[in-house]
Structures are given as C-alpha cells and as structure tokens.
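Visitor: I'd like to go over a predicted model; first the sequence, then the structure.
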Protein chains: 2
Amino acid sequence: MWQLYQFPLCPFSRKVRLLMSEKGIGYDLVRENPWEMRDEFLTMNPTGRTPTMVHDERKLVLSDSRAICEYLEETEEKTPMLGGTAAYRAETRRLVAWADEHFYGDVVAPLLHERMTKRLVTRQPPEARILREAMRRANTHLDYIDYLIDHRSWLAGATLSLADLATAAQISVADYLGGIDWAGHEQTKGWYSVFKSRPSFRPLLSERMEVIKPPAHYDQVDF
Amino acid sequence: MWQLYQFPLCPFSRKVRLLMSEKGIGYDLVRENPWEMRDEFLTMNPTGRTPTMVHDERKLVLSDSRAICEYLEETEEKTPMLGGTAAYRAETRRLVAWADEHFYGDVVAPLLHERMTKRLVTRQPPEARILREAMRRANTHLDYIDYLIDHRSWLAGATLSLADLATAAQISVADYLGGIDWAGHEQTKGWYSVFKSRPSFRPLLSERMEVIKPPAHYDQVDF
C-alpha cells in the first residue's frame, strides 16, 4: 500500500490523489507540513516538498508530482490519463506544466503564502496588494481555460486527461483560499462543476485545513 | 525538420539540444529573446517561454521542455535517455525536476537575472548580495551531485540519462555566468569533464551570448 505524505492544501498532492482515485489505486494519507523541515522527511526527499510517496513492499520512495504521475501511468494501465498519440501526450504534458508552474506560481503560491503560511507559521496578516494581484492573474488564466473549453471537450482535447486533473487541483486550492472570482467564466465553471461531482474529487472538497475556512460555495457542485 | 526557438543561455533549450544531438535528430536554431514578448512567439506559446519547437511537416508546435523531451523519447527510439524500469524512470524524472526547478530556481534564474537581463535589458548593475547567495546555493547543490556520483556511475544510476543532460545544461549556464566555484567538488568536476568532451556538448560551449563573456575555463575539458 502507498503512503502519501501531504497536507490538505498542497495542489500537487491533490493532483496525485485525483489520479490514484481515478485509477482505483489505494493509499494512506500521512500528514506532512513541509515548512517544519522534519529530518525524517528530508531524508526521504532532500527537496523537502510534498507529495512524497512510499511503498514499503516495493522498497520505493517517489517524489516530484510529475514523476509520480508518470510512474502511476506506466505501472497501472487502468483509466489512462496520459493516453493518445505522442502529440496528444505532448499537449497533455504542456498543460500539466502550465498548471503546475504558471497557475501555481502566479496564483496558488502567493495565495498559500498570504493566507496559509502567514496565518499558521509566521503569524502575520496577509498583504492585500499581493492577494489582489493573484486574483487578477487567476482571472487571466481562467480566460485561457475558457478559450480551451470553447474549442475542446476537455483541456487537452477529446478525452479527460492529467491536464484536467492538474488544473482542477490548482483551481480547487485557489478557490478554497478565496482567490477565484467565477463571474464571467461560464466555460471554466461548467467544466469545474462536472469535476466537483466526480467521486475522485469529493474527498478533497470535504477536507479542511485547520483554522482556514473556505468560502461557502467551495464544496458545492452548483456555485 | 525541427525549428527550435531559443537563446544561447536558456538552460531548458540546452537540455533539449543535448537530447536531440545524442539521438541524432536534426534541428535548426531560431533565436528568440523571450523578454521581447513578440506577438508571433506568444501565439505559438502563450507562456512566452523558450524552448518552443515547430515541425512544419508534422504540423506540430511543442512547448515545455519536459513535454518536448518526453515526445522525443516516445518518437525516436535511438539512444534512449528515459530507459530502464518504471522505478529507474521515476528516479530519472525526479532528478530532471530537481535540475529544472531547484538548481534553476536557486542558482541559474538569479544569475541570469543579475548578469544577463540587467546587462542586456534593464541596463542596471548586478547586485553582489544576490550573486553571492546564488553561488552559496550552487555549492550546496554541487555537494548533492558529489554525493550521487559517489554512489552511482551517472546521476540516476548505472546509465547516462536525461537526469545528466538536464543537470549538465543548468550547470553549463551557471558556469558561463561565473556562478560555479569548482574547488572541493572533484566528483562533480570529473562527471562534468566527461560531459564537456561529448560531441553533443561541444557546440553549446562554443556559442557566446552577445557582450556577456564566460570565464576562461568555461569551454575547456580540463579545468
């Protein structure tokens, strides 16, 4: 059985969890706060980042969420999320990178810092200017998702893929932290609403991160 | 034929070029300065990042360096750089992510900003404090490479892989910008010296980026 080291608002752990649930792979959650920099955790993964996955029977320690997803795709054929032609897979991976680097760096990372790290770790108030800028960028990125959904059934094309899971994982954390203004993004809203009702997504939406409360619409399929 | 949009000191373009040369895939270089944010380039790749690859006959535009490398691995079997078991591939991809995100973020990105962007774009002097911090972090990361080479023939294990190409690409840009102090890193130095003599690496070492000059040892195999 896999042990997944993570914390509830880690978007990369959410991506891995969505993939495992869609594929029907079992796992136990282990709570890890990467900001505590525990020695035992740094020994497993020198970068100190979540998610990190351990499989005792296979004597495996995996880290980096994209490496983990590729491993799960290669070892569990059920419900492929990186399927299709080489070109389709390249488009899927391009969008995963877009979610993991651009959406995360522009939107989720500053929201997590201002609304989670400052609250739980450094005990400072969030900076309104940074929150406004993150929301402005979220709006631009949602415009891009609107554009994709205008032209395709799912983000990478005709089929549900890791691109959808990665993007939904990032959006879910941004939405939890109050960083998404859904007005004017009907296409993205429709796509995300379908996602919210998937069995793989329900457990994530029911979890809470200590004292940090999500907005009322966060776990509702109609929002 | 592939057209590769890049600039000489882009470490991600260097990784893709090393992979293509090792596999014997031909390409034309197209110079692109991402900081100019050309409309035509942003139409090809909305993130505006290099490398971006175009193949007219296949009607393909690829971006994100990891997605590009996976595509090249899947479509060109010669000289595999992501081979071995699923676990070995996961280890290779973990180290590629380490080079692309940690070595780049801690070392190469600040060096590029201080020594290239400020020189060519904003016409400001570099900040000594930031350069010192990047060099300090480079030293810590070279300790980690020393440790890997103490235990393995190549970074991911017994065979040359994309982990070596990605790491050598980042180190080569840091070294060009004077950010590497090689003293005390005999293992990494030995590994990198072997790399420098590979035919795939020689063209990169002979290129220069406008007015920015590398240190004398930069293109020497014995350094």
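Guide: Great, that's in hand. A quick note: this is a predicted structure, and the numbers were derived from the prediction, not measured.
Visitor: is it fair to say A:Asp28 lies in a strand?
Guide: Yes - going by DSSP: H, G, I helix; E, B strand; the rest coil, the assignment for A:Asp28 places it inside a strand.
Visitor: my guess is it contacts A:Met1, does it?
Guide: Yes - with contacts defined as CB atoms under 8 Å, A:Asp28 counts as touching A:Met1 at a distance of 6.1 Å. Where you see a C-beta, it was placed from the backbone N, CA and C, and this is true even at glycine.
Visitor: Any idea how many residues pack against A:Thr79?
Guide: Applying the criterion other CB atoms under 10 Å in any protein chain shown, we find 15 residues in the vicinity of A:Thr79.
Visitor: Chain A against chain B: which residues are in contact?
Guide: Of all the residues in chain A, those in contact range of chain B (CB under 8 Å from any CB of the partner chain) are A:46-47, A:58, A:60, A:62-64, A:66-68, A:70-71, A:74-75, A:86-87, A:89-90, A:93-94, A:96-98, A:102, A:144.
Visitor: Which residues are in contact with the spatially most central residue of chain A?
Guide: Averaging the C-alpha coordinates of chain A gives a centre point, and the residue nearest to it by CA atoms, centre = their mean is A:Ala169 (2.6 Å). Under the criterion of CB atoms under 8 Å, 6 or more residues apart in numbering or on different chains, the contact list for A:Ala169 reads A:Pro11, A:Phe12, A:Arg14, A:Lys15, A:Leu18, A:Ala99.
Visitor: Now do the strand or helix carrying A:Asp164: distance to the chain's middle.
Guide: Counting by DSSP states H and E, the secondary-structure element that holds A:Asp164 is helix A:162-176. A distance of 4 Å separates the C-alpha centroid of helix A:162-176 from that of its chain, computed with CA atoms, centre = their mean, to the nearest Å.
Visitor: After it, which helix or strand is next?
Guide: Next helix or strand after helix A:162-176 toward the C-terminus (DSSP H and E): helix A:186-196.
Visitor: so that following helix versus helix A:162-176, what angle?
Guide: What separates the directions of helix A:186-196 and helix A:162-176 is an angle of 100 degrees, with axes from the mean of the first three to the mean of the last three CA atoms, to 10 degrees.
Visitor: Show me what helix A:186-196 is packed against.
Guide: helix A:128-151, helix A:162-176 (3 or more CB pairs under 8 Å, 6 or more residues apart in numbering or on different chains; DSSP states H and E).
Visitor: distance of A:Glu210 from chain B?
Guide: Here the criterion is CB to the nearest CB, to the nearest Å. By it, A:Glu210 lies 27 Å from chain B.
Visitor: chain center to stretch A:84-94, what's the gap?
Guide: 20 Å.
Visitor: List the buried residues for that stretch?
Guide: For stretch A:84-94, a neighbour-count test (16 or more other CB atoms under 10 Å in any protein chain shown) marks A:Gly84, A:Ala86, A:Ala87, A:Tyr88, A:Arg89, A:Ala90, A:Glu91, A:Thr92, A:Arg93, A:Arg94 as buried.
Visitor: just stretch A:140-158 next, same as before
Guide: In terms of neighbour count (16+ other CB under 10 Å), stretch A:140-158 has its buried residues at A:His141, A:Leu142, A:Tyr144, A:Ile145, A:Asp146, A:Leu148, A:Ile149, A:Trp154, A:Leu155, A:Ala156, A:Gly157.
Visitor: how about those residues in CSV, adding pLDDT?
Guide: Converted to CSV, the buried residues of stretch A:140-158 look like this (pLDDT from 0 to 100):
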residue, pLDDT
A:His141, 98
A:Leu142, 98
A:Tyr144, 97
A:Ile145, 98
A:Asp146, 98
A:Leu148, 97
A:Ile149, 97
A:Trp154, 97
A:Leu155, 98
A:Ala156, 98
A:Gly157, 97
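Visitor: Considering these, which is situated nearest to A:Asp175?
Guide: Closest approach between the buried residues of stretch A:140-158 and A:Asp175, by CB to CB: A:Leu142, at 10.9 Å.
Visitor: Let me know whether the closest one touches A:Glu186 as I believe.
Guide: No - using CB under 8 Å, A:Leu142 makes no contact with A:Glu186, being 10.4 Å away.
Visitor: if I pick the closest residue to A:Trp191 other than its chain neighbours, what's in contact with it?
Guide: With sequence-adjacent residues excluded and distances taken as CB to CB, 6 or more residues apart in numbering or on different chains, A:Trp191 is closest to A:Ile149, at 5.2 Å. Taking CB under 8 Å, 6+ apart as the contact definition, A:Ile149 lies against A:Leu155, A:Gln187, A:Thr188, A:Gly190, A:Trp191.
Visitor: again, 7 Å this time
Guide: Residues touching A:Ile149, when contacts are defined by CB atoms under 7 Å, 6 or more residues apart in numbering or on different chains, comprise A:Gln187, A:Thr188, A:Trp191.
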